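[1] missing the sequence, but the structure's below:
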């Protein structure tokens, strides 16, 4: 996973942080603390801290005001702590730090994993073949099934969640979030939100769900034979597993998807290449491996597009109101419109 020089507006205090690391890790070698930043993601900020051969990952909330209940570092750390013993791909947690005097916010530290994170291109030296595309697709499905198979009642999550009425709360909650972050009127929203409220499936099964499951949140071994890392668990909870599958499908792009979606953040993801599963193939394998009835999946995919539109709208709202100066967000309103239109196709 590549890192970049820390963005000027997202720098953290090296001196205080280095001192804190010395207090936490007796094995920390002598030397200068090097801080770099993981460039992927548009939400929580993730940094690599390196002293000699020692490396650790730091997660903190974005700068400026944030949506209520969003970017909860303590919650994400608790989730990682609960899931790591059941799924080795989840990074090992180290410490949650509430003291805001160190870097200006709370944060947590976790294991640095090393492998291949895929997004828009294969790394140099990897031959793009249809067989490899199928293998990666299979591993993505199987990892999601494995996550959903974790017995959440044997973890700390049982005391943090309320699975009953999950989809009802989700639909109502994301509609409310959209209304609070709205910066323009979209003609399709009224009909879309009414349809979502009127057609909530009656599935009452509850499992651990990642809820942001996508290719660039996974890390592969060098031969692509296994997923060795699974990241960005800030939205992880216990709820309807098909909602998680729907979210995964909203990210799993086809070559014939609308260009605005394909090119929203640069080049299209590699899932558009020959050999990668279609959404239908992904869903079919998931149904086979999990034994779940997926006949209502169109509803969950529609909701996932709307949910993603709301997330983009919240980011754009922060940009418009000067709460973030990241120029990557300047065109986010166009992404919002494209996602709302995509969601509305089912109506």
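    Yes, it's here. Since we're looking at a predicted model, the values are computed, not measured.

[2] Next up, the contacts around residue 210.
    Residues in contact with residue 210 (CB atoms under 8 Å, 6 or more residues apart in numbering) are 144, 147, 217, 230, 233, 235-236, 244, 247. Bear in mind the C-beta positions are built from the backbone N, C-alpha and C, glycine included.

[3] mind redoing it with 6 Å?
    Residues in contact with residue 210 (CB atoms under 6 Å, 6 or more residues apart in numbering) are 147, 236, 244.

[4] separation between it and residue 286?
    13 Å (CB to CB, to the nearest Å).

[5] cool, residue 306 as well?
    Taking CB to CB, one finds residue 306 at 21 Å from residue 286.

[6] thinking again about what came up before, so which of the contacts of residue 210 comes closest to residue 106?
    residue 236 (18.0 Å; CB to CB).

[7] Does the closest residue to that closest one other than its chain neighbours lie in a helix or a strand, and which?
    Nearest residue to residue 236, sequence neighbours excluded (CB to CB, 6 or more residues apart in numbering): residue 79, at 4.9 Å. Per DSSP states H and E: residue 79 is located in helix 73-83.

[8] List the buried residues for that helix?
    Neighbour-count burial for helix 73-83, counted by 16 or more other CB atoms under 10 Å, picks out 73, 75-83.

[9] mind checking how far the closest residue to residue 333 other than its chain neighbours is from residue 271?
    In space, and not counting its chain neighbours, residue 333 is closest to residue 316: 5.1 Å by CB to CB, 6+ apart. As judged by CB to CB, residue 316 and residue 271 stand 25 Å apart.

[10] Pick out whichever of those two has more residues nearby.
    Ranked by neighbour count (other CB atoms under 10 Å), residue 316 and residue 271 place residue 271 first, with 26 against 23.

[11] quick one, domains of the protein?
    3-110, 130-344 (automatic domain parsing).

[12] Packed most tightly, which of the ones you listed would that be?
    Highest mean neighbour count of the domains of the chain: domain 130-344, a mean of 18 (counted as mean count of other CB atoms under 10 Å).

[13] Just the strands from the stretch 151-300 of the chain, written as ranges.
    Here the stretch 151-300 of the chain has its strands, by DSSP state E, counting those that start in this stretch, at 207-209, 218-220, 227-230, 237-239.

[14] looking at those, which is closest to residue 276?
    Per CB to CB, nearest to residue 276 of the strands of the stretch 151-300 of the chain: strand 218-220, 13.8 Å.

[15] Show me where the stretch 1-150 of the chain has its helices.
    In the stretch 1-150 of the chain, the helices defined using DSSP state H, counting those that start in this stretch lie at 14-24, 73-83, 130-148.

[16] list the contacts for residue 225?
    With CB under 6 Å, 6+ apart, residue 225 has no contacts at all.

[17] pLDDT score for it?
    Per-residue pLDDT puts residue 225 at 97.

[18] Check the gap between it and residue 138 for me.
    For residue 225, the distance to residue 138 equals 10 Å [CB to CB].

[19] okay, and the common contacts of the two?
    Counting by CB under 6 Å, 6+ apart, nothing touches both residue 225 and residue 138.

[20] longest single helix anywhere in this structure?
    helix 297-320 (DSSP state H).

[21] List the contacts of that one.
    42, 67, 174, 177-178, 181, 183, 196, 199, 201, 242-243, 246-247, 249-250, 283, 324, 329, 332-333, 335-336, 339-340, 342-343, 346.

[22] Not counting sequence-adjacent ones, nearest residue to residue 12?
    residue 103 (4.3 Å).

[23] Surely that neighbour and residue 10 touch.
    No - using CB atoms under 6 Å, residue 103 makes no contact with residue 10, being 10.5 Å away.

[24] pretty sure the residue nearest to residue 236 contacts residue 232?
    No - counting by CB under 6 Å, residue 79 does not reach residue 232; the two are 10.9 Å apart.

[25] what's near enough to touch the residue nearest the centre of the chain?
    Nearest to the mean C-alpha position of the chain, by CA atoms, centre = their mean, lies residue 212 at 3.5 Å. Residues in contact with residue 212, defined by CB under 6 Å, 6+ apart, are 232, 235.
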